[in-house]
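Undergrad: The following block contains a protein sequence and its predicted model.
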Amino acid sequence: MKTMDVFTGSLVRLVAPDLEADAKLMAGWNQDSEYQRLLNGDNAGFYTPKQTQTFFEKEIESMHFFMIQRLDDDRKIGMIDLSGFNWQVGNAWVGIGIGEREMWGKGYGTDAMRTLLRYAFSELNLNRVTLDVFEINERAMKSYTKAGFREEGRAPKVLLKAGERYDLIFMGILRSEWEALQFQAA
């Protein structure tokens, strides 16, 4: 019987970061104002590769952080992490960013999220995974819904963009919901 690699999806593989090399990639993505707007709601700041590396060296111990690598050419196109763990109740927060613009809308983010959820529920034994997303990021909300997340609440009008206010949407998925999706797919 063949064992499935928990870190490999149908389009991507989640790989450990090479903090020095990948910090250069991530710093480059952070120079893209549209990427920043969708990820953080604003241009949160441009960071050098050294600043990016220093941040992750400090934070890496409290998170499960991966680079998203395409299966067909091993190109790293984004990052995904679990953090904010509450082991007592089995909850964690997920964050994801596809930094390579030409990879947006091609299913890589959805596949990476599904792969991370398999790891979260089958390996880490979590009960719930949560995320937040600004309502202006419609592509991300569609991707999260495809992966099984559902809306759990909203913080109204917290983001101001070009004179308009937007909600912050909280989404989550329970292990039982994820398991039901696995059963349906089988």
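TA: Cool, the structure landed.

Undergrad: sec struct for the residue nearest the centre of the chain, please.
TA: With distances taken as C-alpha atoms, centre = their mean, residue 96 lies nearest the centre of the chain, 1.9 Å away. When classified by DSSP: H, G, I helix; E, B strand; the rest coil, residue 96 comes out as strand.

Undergrad: ok, for it, nearest residue in space, not its chain neighbours?
TA: residue 80 (4.4 Å; C-beta to C-beta, 6 or more residues apart in numbering). C-beta coordinates here come from the backbone N, C-alpha and C atoms, glycine included.

Undergrad: Doesn't that neighbour belong to a helix?
TA: No: according to three-state DSSP, the state of residue 80 is strand, so it is not within a helix.

Undergrad: my read: it touches residue 98, true?
TA: No: counting by C-beta atoms under 8 Å, residue 98 is not a contact partner of residue 80; they are 9.2 Å apart.

Undergrad: residue boundaries of the helices in this protein?
TA: 19-29, 33-40, 49-59, 108-118, 138-147, 175-185 (DSSP state H).

Undergrad: residues touching the residue nearest to residue 96, list them.
TA: For residue 80, the contact set (C-beta atoms under 8 Å, 6 or more residues apart in numbering) comprises 14, 65-66, 68, 94-97, 112-113, 116.

Undergrad: Quickly list what it is bridged to.
TA: Beta-bridge pairing of residue 80 under DSSP bridges involves residue 66, residue 96.

Undergrad: quick one: low-confidence parts of this protein?
TA: Applying pLDDT under 70 to the chain flags residues 1-4, 40-46, 186.

Undergrad: from the contacts of residue 80, which two are the most distant?
TA: 65 and 113 (14.7 Å; C-beta to C-beta).

Undergrad: Show me whatever sits in contact with both of residue 80 and residue 98.
TA: 68, 112.

Undergrad: returning to what we had before: more crowded one of residue 65 and residue 113?
TA: residue 113 (26 against 20; other C-beta atoms under 10 Å).

Undergrad: and that one, what does it touch?
TA: Neighbours of residue 113 in contact, by C-beta under 8 Å, 6+ apart: 80, 94, 96, 143-144, 147.

Undergrad: tell me which of those is nearest to residue 86?
TA: Closest to residue 86, out of all of the contacts of residue 113 and judged by C-beta to C-beta, is residue 94, at 13.6 Å.

Undergrad: Distance check, the closest residue to residue 84 other than its chain neighbours against residue 163.
TA: In this structure, residue 84 finds its nearest non-sequential neighbour in residue 93, 3.9 Å apart by C-beta to C-beta, 6+ apart. Per C-beta to C-beta, to the nearest Å, residue 93 is found 30 Å from residue 163.
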